[in-house]
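Q: Below are the sequence and a predicted model; questions follow.
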Protein chains: 2
Amino acid sequence: MTQISTLGEFGLIRRLTEDIEIKNAETRKGVGDDCAILKFEEGYEQLVTTDLLMEGVHFDLTYIPLKHLGYKSAMVNFSDVYAMGGQPKQITVSLALGKRFTIEDMDEFYAGLRLACDAHGVDIVGGDTTSSLTGLAISITCIGIVEEGQAILRSGAKDTDIICVSGNLGAAYMGLQLLEREKRVYYAQLDDARRLEGTAREDALRELETAQPDFSGHEYLLERQMKPEARRDIIERLRQAGIRPTAMMDISDGLSSELMHICRQSNTGCRVYEERIPLDYQTAAMAEELNMNVTTCALNGGEDYELLFTIPIADHEKIADVEDVKIIGHITKPELGLALITRDGAEFELKAQGWNPLA
Amino acid sequence: MTQISTLGEFGLIRRLTEDIEIKNAETRKGVGDDCAILKFEEGYEQLVTTDLLMEGVHFDLTYIPLKHLGYKSAMVNFSDVYAMGGQPKQITVSLALGKRFTIEDMDEFYAGLRLACDAHGVDIVGGDTTSSLTGLAISITCIGIVEEGQAILRSGAKDTDIICVSGNLGAAYMGLQLLEREKRVYYAQLDDARRLEGTAREDALRELETAQPDFSGHEYLLERQMKPEARRDIIERLRQAGIRPTAMMDISDGLSSELMHICRQSNTGCRVYEERIPLDYQTAAMAEELNMNVTTCALNGGEDYELLFTIPIADHEKIADVEDVKIIGHITKPELGLALITRDGAEFELKAQGWNPLA
C-alpha cells in the first residue's frame, strides 16, 4: 500500500488520468488545463447534472468495495441524463480523501469509474483531487446531449396518460438491509470474540478475519445495491417502438417520491395499483425474512435507478411490446390527488417517505 | 435560527433557488428536473471546470462568513474559465451540510453565491443538497464559452515570450496568516479567561464574546483572502489591446507552481525576476511584521486568483499600455530550466512549494 502523499495532488491526477482515451469527438480537451473544452454537434442541446456523495451518508465503506463505489457514482449520474431522454458524454470527478486512503484505493475507485464510462461511451474530462479531514467525498458532474427540443421533462404528464416503470423496484433497498444486517452480525461476533481470553480469543478473532458472510440466494439484491445499471436500453427500446414519454425521471429516492415530483410539476394526480408494482422474487423473499412490507420497500426504498415515465394512452398497445416495462397506473386530474389502490381494493393517499399504511 | 430538517431537501432547494432569474439565453432550463438544459450559439466551444472545497482544508468557518464563502466558491470557478480566455455562463452548486447549519446559514451562503453570479452574468442551473456527518463540503462546476479555437491553453508558451501577471501577489496568503494569528490570540485569551474564577471569569468571558480583532491597516489583505475577484477585466483589456496570450492560467496554488505547469506543458524554461514580482504595500508590511520573506509568500502563497500569461515578444509595447499587468520575466529554452533571478543578481531554480532560498 502506498501513501498518496508520495505522489502529491498532481502526481495522483496524472496517474489516474494519463492513459484515458477520449471516446467522443465532442471532447476536444480533457484533463490537464484550467478547463476541459467541449464542442457539440449542431441540433443538440446539452444536459448537466451533478451529485455529491458523502461517506457515512450515501455509502459505507465497510461493505461497498471502492471499485463498485466508483462504478455506482458514475452510473447514478448517467441515469439522470437518460431520464431526460439524453445520452451522457462527459463527466468531471472530484474527490476529497482522508489520510487513510492509499494510491491503490484510488486505482480501484477509478477502475470502477472507467468501467462505467466505457460501457456508456463517456469521457472523464476533469475534476479535482483534494484532502478531507474526515471521510471520502465524491462529486460527479455529467454532461450529456439530447436532440434539440426533445428533452423529456418531469412536467409533461397529462390526464389519462399511462404510468410505466422499467425493471423492478425495492431490490436495491433490500440489498442494503441485507448488508446492514451482516454488518451488525459481524460486529456482534467481534464483541463476543473480544470477551474471550487466551488462545480461544485468538482463534475466534482469526476465524472472524477470514469469515465471509453467506449471501447465496441474495446475489441479485446485492448487485442491485452495489452495481446499479442506468437504463440506456429502455431509452433505446422506447425510441425503436416510436414512443416518446410525456414525462420521465429516474427512481433514485423511491417510487412515491418520484410520482409526487411528476404530479406536482405536471399539475396532475395519479392512480397507481399495488398489484402492478414490479417486484423481483428475491425482493419479496427478503422482505418476508426481515418481516418488512414489500410494497412499502418498493414505494419508498430508493436507489433503484429504474425509469418512471408517462406515455399517451394511444401508445397503450405499443408499450405492451416493450421488454422489461410495466404499466402501474395512470395520470388523473389534479383534484383526485395521488392514490395507491391496494390489492384488496382500498385506496390510500401516496406520501413520500412517510407513507406506510400497510406496515 | 431554523433547522434545515423543517424544510427537507426539496423544500430547501426551492427556498434557495425559486426566485433565481435566468440571465443567459443559453440556459433553457435551470434548477428543477433531472438535468439542466443548455443550448449554446454556433461558433463557440464549451468550457467545464469543477472545484471541491472541504471545511477545515480549504476554509475555516471560525473566520470566513458564509456569505463570503459563497462568493469565493463561485469566483474561484469563474477564474478558471477566464484563465482559458472564456466567459462563465452557468454553475451547478452541491452542498453537504452538517447538522449545525441552519436555513439562515444557507441563505447567507446563497446570497454570496448570487452576488458573484450576478456580477459575472452567470446562471445557477442545478445542484445537489445533502447531509454530511461532519463539516461542510461545497462542490461547484462551472460551464463557460469561448469562441471556437480561441481557448488559451497552458501549453502554448514559446521561447522568448514575455511572462506577465495581473494585479499583485501574496496578499491573500498574508490575509490568511493574519486571520490565523487572530484566531490563536482569541483562543489563548479564552484559555486565560477560563482559568479565572467567579465574577472575574464571567467578566472576561463576556468581554471576549463581543471583542472584535483590530484589522485596521490590513483591510486589503483580508479582502484578498475573503473576497477574491476573478479577472474578467484583464481578459477584456487584452482583447481591446489586440493581444492574444500564447499560454495562460490563474494563480491559485502560487506563482511558482503555476509557472512550472506552463513550462512543463509548453516544454520550455523561464527566467523570472524577483524585483519584478508585483507586491502590494500591505503585503510587504505584513510579511515584515510576521518576520516572513515576502518573495516566498508571493511565489508560494496561493489564492491570488490573478492571471499568469505569456505573450509574444512582438506585443511588448502593446502590453505596456494595459493597466494592472506587469512583466515579470520571459520564457526560455527548456534546457535552461526554471530560474528566479534575485534582487542581488543570484540565480535560483524555482521549486513549487518547497522553494525557499531566501527565508
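A: That came through fine.

Q: Quick one: classify residue A:203 as helix, strand or coil.
A: Three-state assignment for residue A:203 (DSSP: H, G, I helix; E, B strand; the rest coil): helix.

Q: One more: residue A:244?
A: Residue A:244 ends up coil, using three-state DSSP.

Q: Next up, the contacts around the residue nearest to residue A:177 when sequence neighbours are not counted.
A: Nearest residue to residue A:177, sequence neighbours excluded (Cβ to Cβ, 6 or more residues apart in numbering or on different chains): residue A:290, at 5.8 Å. Where you see a C-beta, it was placed from the backbone N, CA and C, and this is true even at glycine. Residues near residue A:290 by Cβ atoms under 8 Å, 6 or more residues apart in numbering or on different chains: A:174, A:177, A:181.

Q: Likewise for residue A:328?
A: A:163, A:164, A:165, A:272, A:273, A:276, A:277, A:278.

Q: Equivalent analysis for residue A:209, please.
A: Contacts of residue A:209 by Cβ under 8 Å, 6+ apart: none found.

Q: Return the distance of it relative to chain B.
A: For residue A:209, the distance to chain B equals 27 Å [Cβ to the nearest Cβ, to the nearest Å].

Q: Now do the SS call for that residue.
A: Per three-state DSSP, residue A:209 ends up helix.

Q: Can you report how many residues neighbour residue A:220?
A: 17 (other Cβ atoms under 10 Å in any protein chain shown).

Q: Looks like it contacts residue A:280 (just checking).
A: Yes: assessed by Cβ atoms under 8 Å, residue A:220 is found in contact with residue A:280 at 6.2 Å.

Q: hmm, back to that, now for the contacts of residue A:290, which sits with the most neighbours around it?
A: residue A:174 (30 neighbours).

Q: In a helix, that residue, correct?
A: Yes: according to three-state DSSP, residue A:174 belongs to a helix.

Q: Could you list which residues are in contact with the closest residue to residue A:153 other than its chain neighbours?
A: Nearest non-adjacent residue to residue A:153, counting by Cβ to Cβ, 6+ apart: residue B:33, 5.4 Å away. Each residue near residue B:33 by Cβ under 8 Å, 6+ apart is listed here: A:84, A:153, A:154, A:155, A:249, A:265.

Q: Check the gap between residue B:33 and residue A:280 for me.
A: 29 Å (Cβ to Cβ, to the nearest Å).

Q: Enumerate the residues of the stretch 251-359 of chain A near chain B.
A: The stretch 251-359 of chain A comes close to chain B at residues residue A:265, as judged by Cβ under 8 Å from any Cβ of the partner chain.

Q: helices or strands up against the strand or helix carrying residue A:106?
A: Using DSSP states H and E, residue A:106 sits within helix A:103-120. The helices and strands touching helix A:103-120, judged by 3 or more Cβ pairs under 8 Å, 6 or more residues apart in numbering or on different chains; DSSP states H and E, are helix A:8-17, helix A:66-82, strand A:87-97, strand A:123-131.

Q: what do you get if the cut-off is 6 Å, keeping everything else the same?
A: The contact analysis (3 or more Cβ pairs under 6 Å, 6 or more residues apart in numbering or on different chains; DSSP states H and E) places helix A:103-120 against helix A:66-82.

Q: Noted, bye for now.
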